[in-house]
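Colleague: Build me a structure from this.
(chains A, B, C and D)
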Number of protein chains: 2
Amino acid sequence: MTVDDAAGPTLLPPTAMAGRDEPVDRILATSYELFSSRGIRGVGINELISSSGVSKATFYRHFPSKDALVLAFLELRDQVWTVELIVAEARRRGNTPEEQLLAVFDVFGDWFQRDDFEACSFINVLLEMGPGHPLGKASIDYLSRIRGHIQALAEEAGLDRPEEFARSWHILMKGSIISATEGDTLASKRAQQMARWLIEHHRGL
Amino acid sequence: MTVDDAAGPTLLPPTAMAGRDEPVDRILATSYELFSSRGIRGVGINELISSSGVSKATFYRHFPSKDALVLAFLELRDQVWTVELIVAEARRRGNTPEEQLLAVFDVFGDWFQRDDFEACSFINVLLEMGPGHPLGKASIDYLSRIRGHIQALAEEAGLDRPEEFARSWHILMKGSIISATEGDTLASKRAQQMARWLIEHHRGL
DNA sequence: GCCGGGGCGTACAGACCGGTCTGCCTCGGA
DNA sequence: TCCGAGGCAGACCGGTCTGTACGCCCCGGC
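Modeller: Next up is the predicted model:
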């Protein structure tokens, strides 16, 4: 612990830790970049520390193992991607809760077309490590947090059975992400259309 | 080449090559089992050859590299899983093309509950290697074959815009597989309900 | 002025990776 | 009877992996 506390843990997004240059911040920023685009097993510790300009001893002073860093990365990804890039942006774009729900797929549409589109790290890690591995279980937990955001919006919209709604909605989100990875950049539009039907069938009628 | 030709390549499913005991068959059967459940990078050549009771020299006489074996595995997976386990079984269960389409998710429901449920190898390999890697590109190709089966059923059912229909349908398939990997064994039911709505909107009306 | 924590660089250990190569054995056809 | 193709076993190669250890240096507090 040095100067930086009194504000809790330091899991700030890469853009937001511009002013900071502590080793732990460089490690986290680099892990976000490398793990997001190339997966866990695709990035070794040696490349990670050399990319972040940190010695190996320093790395292992802050993180007891690579898996511990991956856990921190997943937490960071939840903040940067799930919360800020997707949920907050969707809430910004829509005026009503229903519009905000549908705006998720507009955000997806923009995201799919970015050249640094790297799919969903939680799905990647889950499939890479398997649901039995601690990192897979952690990924499942973060995926359920995404469902929690959807469920909250469904409740604000007054939809029926919001938990079931969120599970179905999440199927559309994950399926469209895989399709986008295959190259179908219009997958967001297809998913959005099915999402509209899902909303209709969860309105009180 | 020995006794076994005059019937083309030997990519038979594990169950169907009961009588055969050639090294290449043992290699393929073992690779199917190990790659399906633990991914590509999770299985090394040494384990693979010792599990199939084959020497390393023999392995490399039949396959020039590990990637070549993975390509053969994907082809085998297409036969065993896509064609026989999913498409043929769905066609068996339904009487009309529409019923056969919806039966896909009944088959999924049974498959999700198996204790050896191992998700979709094509999605796994695609996310593990990335869409730019040769194995990722091959996986994309096999995924498009799955869409081809769906599109054929849609055409038999006389649905509108069968190619777009198949793309939307495939989103539901892939999304439900990921959800099942997270532990939601009812994902097939949720996807099936959305699939019903999709059919309704692709009928001539 | 000095002392120590934390940073850096790097060498190293031990395991495993894909892939090559050599030797031995067996079996089937001429 | 002999010969060679093909299978088995395993040593070995260079490289990469995670994780440990050691030495040097800088900078800040006393």
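
Colleague: CA atoms for contacts and neighbours, from now on please.
Modeller: OK.

Colleague: Tell me the buried residues in stretch A:196-205?
Modeller: Going by neighbour count (16 or more other Cα atoms under 10 Å in any protein chain shown), the buried part of stretch A:196-205 is A:L198, A:I199, A:H202.

Colleague: Say whether chain B is contacted by it.
Modeller: Yes - judged by Cα under 8 Å from any Cα of the partner chain, stretch A:196-205 and chain B are in contact via A:W197, A:L198.

Colleague: That stretch - what's its average pLDDT?
Modeller: Here stretch A:196-205 scores 92 as its mean pLDDT.

Colleague: for stretch A:142-155, same thing?
Modeller: 98.

Colleague: try stretch A:30-41
Modeller: 95.

Colleague: before we move on, back to that, redo the buried residues of stretch A:196-205 as JSON lines? Include secondary structure.
Modeller: Formatted as JSON lines, these follow (DSSP: H, G, I helix; E, B strand; the rest coil):
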{"residue": "A:L198", "secondary structure": "helix"}
{"residue": "A:I199", "secondary structure": "helix"}
{"residue": "A:H202", "secondary structure": "helix"}
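
Colleague: Please identify which of those is nearest to DNA strand D.
Modeller: A:L198 (42.2 Å; Cα to the nearest atom of the strand).

Colleague: Run a quick neighbour tally on the residue of chain A found nearest chain B.
Modeller: As assessed by Cα to the nearest Cα, chain B sits closest to A:G175 within chain A, at 3.8 Å. When neighbours are counted by other Cα atoms under 10 Å in any protein chain shown, A:G175 registers 26.

Colleague: Also the one 5 residues further on?
Modeller: Under the neighbour criterion other Cα under 10 Å, A:A180 is assigned a count of 23.

Colleague: tell me the contacts of it?
Modeller: Residues in contact with A:A180 (Cα atoms under 8 Å, 6 or more residues apart in numbering or on different chains) are A:F112, A:A119, A:L186, A:A187.

Colleague: Helix, strand, or coil at it?
Modeller: Under three-state DSSP, A:A180 comes out as helix.

Colleague: And it, what's its pLDDT?
Modeller: pLDDT, A:A180: 98.

Colleague: any idea how far the closest residue to A:D160 other than its chain neighbours is from A:A152?
Modeller: What sits nearest to A:D160 in space, not counting adjacent residues and going by Cα to Cα, 6 or more residues apart in numbering or on different chains, is A:H202, at 4.9 Å. From A:H202 across to A:A152, the span is 14 Å (Cα to Cα, to the nearest Å).

Colleague: Any residue of stretch A:133-151 touching DNA strand D?
Modeller: No - against DNA strand D, stretch A:133-151 shows no contacts by Cα under 7 Å from any atom of the strand, the least distance being 13.1 Å.

Colleague: so where's chain A shaky on pLDDT?
Modeller: In the predicted model, chain A carries pLDDT under 70 at residues A:1-20, A:205.

Colleague: now with 90?
Modeller: Along chain A, the model assigns pLDDT under 90 to residues A:1-24, A:204-205.

Colleague: Going along the chain, name the helices of it.
Modeller: A:23-38, A:45-52, A:56-62, A:66-77, A:89-93, A:97-113, A:121-129, A:134-156, A:162-182, A:187-202 (DSSP state H).

Colleague: Buried residues of the shortest one, list them for me.
Modeller: Right, the one you point to is helix A:89-93. So for helix A:89-93, counting by 16+ other Cα under 10 Å, buried means A:E89, A:A90, A:R91, A:R93.

Colleague: Counting neighbours, what do you get for A:L71?
Modeller: A:L71 - counted by other Cα under 10 Å - has 15 other residues nearby.

Colleague: wouldn't it be in contact with A:K137 here?
Modeller: No - assessed by Cα atoms under 8 Å, A:L71 is found out of contact with A:K137, at 10.6 Å.

Colleague: The residue in chain A that DNA strand C sits nearest to and A:P97: what is the separation?
Modeller: Per Cα to the nearest atom of the strand, A:V54 is where chain A lies closest to DNA strand C, at 3.6 Å. A:V54 sits at a distance of 45 Å from A:P97 (criterion: Cα to Cα).

Colleague: same deal with A:S188?
Modeller: 19 Å.

Colleague: which one of these two has more residues nearby?
Modeller: A:S188 (27 against 18).

Colleague: The more buried one contacts A:F108, doesn't it?
Modeller: Yes - look at A:S188 against A:F108 with Cα under 8 Å: they come within range, at 6.1 Å.
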